[in-house]
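**Q** give me a model of this one.
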Amino acid sequence: MPDPVRKILSLLLLCVTLLGVITLGLIFYRVLMFSDNHVGWNVLFLLPIFGVIALLALIRRTQSIGSHGINHALIAFGILSAILVGVVYHFNILLPYEVWIKRGMPERPF
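**A** Modelled structure (predicted):
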């Protein structure tokens, strides 16, 4: 892989990872600071961010770009964050308002 493409891939991964970390922090903030479990947007729309992180880290891993430890950590971060978003949605911790209404306005489990 040419050197400029490697740099662009690494920079893109850095930007998407920063976006993912900020997004995950905002989810934690929202869950911990507010008692209601519904929002005006769908948390499942965040899944592509974490999928892209895992995919770009996997591409970097297969092309032997950067440290394998960092690539493995980013792959794990992307996959675990996507699972966390799914868990938050499935267990009624953070739902879109319309889904919250359709599910009978369930209380948050904690």
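**Q** which stretches in this protein count as helices?
**A** Remark: helices assigned in the chain by DSSP state H are 3-33, 47-62, 68-90, 97-102.
**Q** between those helices, which gets nearest to W41?
**A** With C-beta to C-beta as the criterion, W41 lies closest to helix 97-102 of the helices of the chain, at 8.9 Å. Every C-beta, even on glycine, is put in place using the N, C-alpha and C of the backbone.
**Q** list the helices and strands that closest one packs on?
**A** Contact here means 3 or more C-beta pairs under 8 Å, 6 or more residues apart in numbering; DSSP states H and E; on that basis helix 97-102 packs against strand 38-39.
**Q** run me through the strand neighbours of the strand it packs on, direction for each.
**A** In the sheet containing strand 38-39, the strands it pairs with under DSSP bridges are strand 95-96 (parallel).
**Q** residues in contact with the strand it pairs with?
**A** Applying C-beta atoms under 8 Å, 6 or more residues apart in numbering, the set of residues contacting strand 95-96 from outside is 37-43, 89, 103.
**Q** next one: stretch 62-81
**A** The set of residues external to stretch 62-81 that reach it, using C-beta under 8 Å, 6+ apart, is 1, 6, 9-10, 13, 17, 20, 24, 50-58, 60-61.
**Q** just the buried ones from the contacts of strand 95-96?
**A** Burial of the contacts of strand 95-96 was assessed by neighbour count (16 or more other C-beta atoms under 10 Å); the buried members are 37-38, 43, 89.
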